[in-house]
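In: Next input, structure requested:
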Amino acid sequence: MTRIALVVAAASNGVIGSRGAIPWHIPEDMRRFRSLTMGKPCIMGRKTWESLPKKPLSGRLNIVVTRDAGLAAPGAEVVPTFEAAVERAEREGADEIAVIGGAEIYRAALLLADLVHLTEIHAAFDGDARLPALSVEDWREASREEHLSGEGLRYAFVTLERVRVPRLMMRSQPGRGGANDHS
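Out: As a prediction, the model looks like this:
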């Protein structure tokens with residue numbers, strides 16, 4: 001089964017965005033984002049799609065989740081639900097699906113995610129979009145690299161791996177490690 005990975009940068013107070021933009025500028029994080037998502041299906045919400053400076057993300061299947069069936073998203077595929085986005089992404093046959101935001105899409109993906117590729121910004125920022133809380137019982141830190149940006153902002157590239165399957169997921173997701181999964 002295809003792994004689902006959240007690719008996200010978050011400030012120490014959980015902020016991931018402010019008025020449709022990222023409230024910090026870290027070129028190394030943008031390079032990491034490109035490296036982590038290249039060649040993979042990328043699932044995003046409408047607001048994230050609209051915030052992209054260049055659309056679509058080249059070298060990646062862009063899947064936009066929106067309730068607006070008439071959304072024009074040249075170069076992307078538009079689907080009505082997160083579940084439909086995962087189904088479409090899995091047909092690509094990639095090893096990993098990248099979920100790239102925003103907050104509502106991360107929330108929908110969190111129960112199904114296997115990995116989180118997190119850029120931890122070691123500062124608080126004002127913003128209107130926040131990353132849902134990650135339970136320490138469900139995730140373990142697999143790797144961490146501390147960095148300092150050219151502007152003096154401390155941050156870390158962190159990879160989290162799922163260690164515990166949430167109870168809701170065990171009952172409702174056949175094939176994802178549930179108690180009744182005999183595959």
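In: Tell me which stretches of this protein form helices.
Out: Using DSSP state H, the helices found in the chain span residues 27-37, 46-51, 82-90, 103-110, 167-172.
In: Out of these, flag the one nearest Ala5.
Out: helix 27-37 (7.6 Å; CB to CB). The C-beta positions use only the backbone N, C-alpha and C, and glycine is treated the same way.
In: How many neighbouring residues does Gly17 have?
Out: Counted with other CB atoms under 10 Å, residues neighbouring Gly17 total 23.
In: Nearest residue to it in space, please, no chain neighbours.
Out: Leaving aside its sequence neighbours, Gly17 sits nearest to Ala129 (CB to CB, 6 or more residues apart in numbering; 3.7 Å).
In: Low-confidence ranges, this protein, go.
Out: 165-183 (pLDDT under 70).
In: how about 50 then?
Out: Confidence mapping of the chain against pLDDT under 50 gives the ranges 170-183.
In: Buried ones in stretch 43-62, by neighbour count?
Out: For stretch 43-62, the neighbour count (16 or more other CB atoms under 10 Å) marks 43-49, 51, 56-57, 60-62 as buried.
In: can I get the residues you listed in a markdown table with distance to Glu28?
Out: Output for the buried residues of stretch 43-62, formatted as a markdown table (distance: CB to CB, whole Å):
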| residue | distance to Glu28 |
| --- | --- |
| Ile43 | 24 |
| Met44 | 21 |
| Gly45 | 25 |
| Arg46 | 28 |
| Lys47 | 24 |
| Thr48 | 20 |
| Trp49 | 24 |
| Ser51 | 20 |
| Pro56 | 23 |
| Leu57 | 18 |
| Arg60 | 20 |
| Leu61 | 25 |
| Asn62 | 23 |
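In: Going by distance to Ser149, which of those wins?
Out: Ser51 (20.8 Å).
In: wait, doesn't that closest one sit right on Ala21?
Out: Yes - taking contacts as CB atoms under 8 Å, Ser51 lies within contact range of Ala21: 6.4 Å.
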